[in-house]
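Colleague: Fold the following and give me the result.
(chains A and B)
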Amino acid sequence: MSDVAEKVKKIVIEHLGVEADKVTETASFIDDLGADSLDTVELVMAFEEEFGCEIPDEIAEKILTVKDAIDYIEAHQS
Amino acid sequence: MFDLTGRTALVTGASGGIGGAIARALHAQGARVALTGTRQDALDALAGELGEGAVALACDLSDRAAAEALPGRAEEALGGLDILVNNAGLTRDGLAMRMKEDDWQTVLEVNLSAGFRLARASLRGMMKRRHGRIIGITSIVGVTGNAGQANYAASKAGMIGMSKSLAQEVASRGITVNCVAPGFIETAMTDALPEAQREKLLQQIPAGRLGAGGDIAAAVVYLSSAEAAYVTGQTLHVNGGMAMI
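Modeller: Predicted coordinates for the structure are as follows:
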């Protein structure tokens, strides 16, 4: 697992308080991990902070799964 | 009770009578305060009077970008932002049939939209810290209406609806959003009223006196406090019984 993937999963586990084995790459924050819409806003804020990047609102809306987050961050990491 | 030691607050419209009273009261409870307002000399005087733990920040709230940047500046100056008091407001009174488009827009922009922008920009830090207080100073006329104040009453009613919505969005993160609705408060404006009109006004107020800035400030202190953690989406009417809603 890449460094980014590792960190993203750690943030998701900590923030949503879910079991590590549930945080698979295809897991949807809302459908599989029990996040509400405010949680997804907070997750994006946490990603921005951890990786020092800015995630625009129109992109943030499309980050629905763990993999979406990893892919975007790996492509845009500063 | 109502100890605000270690808390940080941004008060808009702090160069006015009510805003100044709010800033003094929050500071007296131990909070560090950032003050903005249109009258720079009054603002500087207040910051000077409060001394340590008070800072004046110049900001034109009708400037969209400036309003959005203000909470960040306050966080930087104070090392955080726990309490936002949206107090800044203005009036452009006139009967609706004669009301200029510009008078409508200006009042909505400063009284309502600027308050929304400040709240939005403040929420990020509050969410992270899992604590926050957003308090809007609305008005009795936002609930009762008032001839000649369609714009002002709309902006104040809007603030109540906005606060209830924000309150629902962020309640789970330890952030409360409430309003305080003053009735008639002793200010430079009410001081200028002719005696006869003043008498008439007083007859409508069961408490038999106009409110003081401190009456409003006390309500703000309460809503800012840890003790009010379970109060959100509410409007606290402070009007001497003038309207019981």
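Colleague: Contact partners for the residue nearest in space to the middle of chain B?
Modeller: With distances taken as C-alpha atoms, centre = their mean, the residue of chain B nearest its centroid is B:Asn87 (2.3 Å). Applying C-beta atoms under 8 Å, 6 or more residues apart in numbering or on different chains, we find B:Asn87 in contact with B:11-14, B:16, B:18-19, B:22, B:137. Glycine gets a C-beta too; all of them are placed from N, C-alpha and C.
Colleague: neighbour-wise, which of those leads?
Modeller: B:Val11 (34 neighbours; other C-beta atoms under 10 Å in any protein chain shown).
Colleague: Helix or strand: which one has the closest residue to chain A within chain B?
Modeller: Nearest residue of chain B to chain A: B:Met127, at 6.1 Å (C-beta to the nearest C-beta). Under the criterion DSSP states H and E, the helix or strand holding B:Met127 is helix B:114-129.
Colleague: Could you do B:Gly136 as well?
Modeller: B:Gly136 belongs to strand B:132-137, assigned by DSSP H and E.
Colleague: In three-state terms, label the residue in chain A that chain B sits nearest to for me.
Modeller: Of all residues in chain A, the one sitting closest to chain B is A:Glu42 (6.1 Å; C-beta to the nearest C-beta). Assigned with DSSP: H, G, I helix; E, B strand; the rest coil, A:Glu42 falls in the helix class.
Colleague: Then the one 5 residues further on?
Modeller: When states are read from three-state DSSP, the local structure at A:Phe47 comes out as helix.
Colleague: For chain A, what lies in contact range of chain B?
Modeller: Contacts of chain A with chain B, taken as C-beta under 8 Å from any C-beta of the partner chain, map to A:38, A:41-42, A:45.
Colleague: which regions of chain A lie under the pLDDT threshold?
Modeller: In the predicted model, chain A carries pLDDT under 70 at residues A:1, A:78.
Colleague: So which residues of chain B form helices?
Modeller: B:17-28, B:40-50, B:64-78, B:101-108, B:114-129, B:141-144, B:150-170, B:188-191, B:195-203, B:213-224 (DSSP state H).
Colleague: okay, these, which one's buried deepest?
Modeller: Mean neighbour count (mean count of other C-beta atoms under 10 Å in any protein chain shown) peaks for helix B:17-28 among the helices of chain B, with a mean of 24.
Colleague: quick one: it to helix B:213-224, angle?
Modeller: When axes from the mean of the first three to the mean of the last three C-alpha atoms, to 10 degrees is applied, the directions of helix B:17-28 and helix B:213-224 differ by 50 degrees.
Colleague: Just the mean pLDDT for helix B:17-28, thanks.
Modeller: If you average the pLDDT over helix B:17-28, you get 97.
Colleague: could you say what helices and strands that helix packs with?
Modeller: Counting contacts by 3 or more C-beta pairs under 8 Å, 6 or more residues apart in numbering or on different chains; DSSP states H and E, helix B:17-28 is packed against strand B:8-11, strand B:32-35, helix B:40-50, strand B:83-86, strand B:132-137, helix B:213-224.
Colleague: could I have it exported to CSV, CA atoms only?
Modeller: Extracted C-alpha coordinates of helix B:17-28, given in CSV (Å, rounded to 0.1, in the frame of the first residue of the first chain):
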residue,chain,number,x,y,z
GLY,B,17,-23.7,51.0,21.5
ILE,B,18,-24.9,47.4,21.6
GLY,B,19,-21.7,46.0,20.0
GLY,B,20,-19.5,47.8,22.5
ALA,B,21,-21.5,46.5,25.4
ILE,B,22,-21.3,43.0,24.1
ALA,B,23,-17.5,43.3,23.6
ARG,B,24,-17.1,44.7,27.2
ALA,B,25,-19.2,41.9,28.7
LEU,B,26,-17.4,39.1,26.9
HIS,B,27,-14.1,40.6,27.9
ALA,B,28,-15.2,41.0,31.5
